[in-house]
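# The following block contains a protein sequence and its predicted model.
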Amino acid sequence: MGHLDHAALGWLTPALSYVMACIGAALGLRCTVRALGATGRSRRNWLITAASAIGTGIWTMHFVAMLGFSVSGTEIRYDVPLTIGSLLVAMVVVCAGVFAVGYSRDRTRALFLGGLTTGVGVASMHYLGMAAVRLHGDVSYDPVLVGLSVLIAVVAATAALWAGLNIKSPVAVTIASLIMGAAVSSMHYTGMFAVSVRVVPSGAALPGATAMQFIFPLAVGLGSYLFLTSAFVALSPTTGERRASASAQQQVENAAL
C-alpha cells in the first residue's frame, strides 16, 4: 500500500482551499439575495452568477486541495478531459439547485429536491475528479466513508440553498459562508480519507498532465474569476439602492415640472 499524504505542501493547500470555498459560498449567497429581490432577466442573470460562483468555489477548493495530495512510490497525473468534465458537472448541478430554489413557488419542496440534487452532484464532481487521477497502482474506496462524504455534500448543499433564501445581512452571509466552507472542505477530506492505493511499481510514463502543468494554472484562473466577481457584486447597487435612486430621480423630475 502506498502512503497517502493529503497535505504534502503543509497547511498551505488545506487553508487556501478552505478560503476558496468560503469565497465561492459568500458570493453565491450575495448573488442569490440579489436575485430574490429582482425580476425577469435580472433575476436569471443573478442566479447564473450565484451558480457559477458556488460551482467555481467548490471545484477550485477540491483541486487546490489536490495540489497537496501525494502517494509514496508513484507520481500523479490528471486526465485533462475528465478534470474539465468535473468542473462542468459542478457548474450544472449547482445551477439546477439554485434555479429550483430561485423560481419555485413551493420553496420547501424545492429546497429538499435542490439540496439533494446539488449535494449528489457535488459529490459526483469530487469522485469524477478523483477518477481523473492517474498513478502507478490501483485505487480503492471505503464505502462507508464514501457514503458519509455524499451525506455531508447533501447537507451542505441544502444548508447553502436555505441560507440563500433566508439570510440577508452581510454579517450573517459571512458567518454562513465560513460554515459552508468548512462543510465543503469536510466533504472533500472525508472523501479523500476513503481512498486507499495499492502501488504497482512501473517505469512506464503516465498519461495526462501534472498538477502544476494543468490544475494550478486553471485554479489560479478560476480564483481570479471569483475575486473579479467579488468586486462586481460589491460595486453593483442593491435592490434597495436602485429603488432609492429611482425614487430620487422621480422626485427631481417632478420638481422640474
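On my side now, so go ahead.
# so what's Ile215 up against?
With contact taken as Cβ atoms under 8 Å, 6 or more residues apart in numbering, Ile215 is in contact with 63, 66-67, 78, 83, 209. Placement of C-beta: from N, CA and C, glycine included.
# Closest one of those to Ser149?
Taking Cβ to Cβ as the measure, Met66 is the one of the contacts of Ile215 closest to Ser149, at 14.8 Å.
# Let me know whether that closest one touches Met212 as I believe.
No. Look at Met66 against Met212 with Cβ atoms under 8 Å: they stay out of range, at 11.5 Å.
# Between the two, point out the one with more neighbours.
Met66 (24 against 9; other Cβ atoms under 10 Å).
# Now do the helices in the protein.
With helices called from DSSP state H, the chain shows them at 12-36, 40-66, 80-103, 107-131, 143-166, 170-193, 216-235, 239-256.
# Name whatever forms a beta bridge with Asp5.
Ser70 (DSSP bridges).
# Just give me the neighbour total for it.
Neighbours around Asp5, by other Cβ under 10 Å: 12.
# what ranges of the stretch 101-250 of the chain fall below the confidence cut-off?
230-250 (pLDDT under 70).
# I'd like the contacts of Ile215 written out as CSV, with distance to Phe99 added.
Below are the contacts of Ile215 laid out as CSV (distance: Cβ to Cβ, whole Å):
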residue, distance to Phe99
Phe63, 25
Met66, 29
Leu67, 32
Tyr78, 30
Thr83, 25
Ala209, 33
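# ok, of these, which come out buried?
For those, a burial check counting by 16 or more other Cβ atoms under 10 Å picks out 63, 66-67, 78, 83, 209.
# Not counting residues beside it along the chain, what's closest to Thr49?
Cys31 (4.6 Å; Cβ to Cβ, 6 or more residues apart in numbering).
# burial measure for that neighbour, as a count.
Applying other Cβ under 10 Å, we find 26 residues neighbouring Cys31.
# Burial check on the closest residue to Ser140 other than its chain neighbours, number of neighbours?
For Ser140, ignoring the flanking residues on the chain, the nearest one in space by Cβ to Cβ, 6+ apart is Ser196 at 4.9 Å. Burial of Ser196 is recorded as 14 neighbouring residues (other Cβ under 10 Å).
# Same question for Cys22.
Cys22 - counted by other Cβ under 10 Å - has 22 other residues nearby.
# Spit out the contact partners of the closest residue in space to it that isn't next to it in sequence.
Of all residues not flanking Cys22 in the chain, Gly181 sits nearest, at 3.4 Å (Cβ to Cβ, 6+ apart). Taking Cβ under 8 Å, 6+ apart, we find Gly181 in contact with 18-19, 21-22, 25, 61.
# do the same with Pro207
Contacts of Pro207 by Cβ under 8 Å, 6+ apart are 77, 79, 134.
# can we see that at 10 Å?
Residues near Pro207 by Cβ atoms under 10 Å, 6 or more residues apart in numbering: 77-80, 134.
# Tell me, how many residues neighbour Tyr189?
Tyr189 has 17 neighbours, counted by other Cβ under 10 Å.
# How about the contacts made by it?
Residues in contact with Tyr189 (Cβ under 10 Å, 6+ apart) are 6-7, 14, 17, 65, 149, 152.
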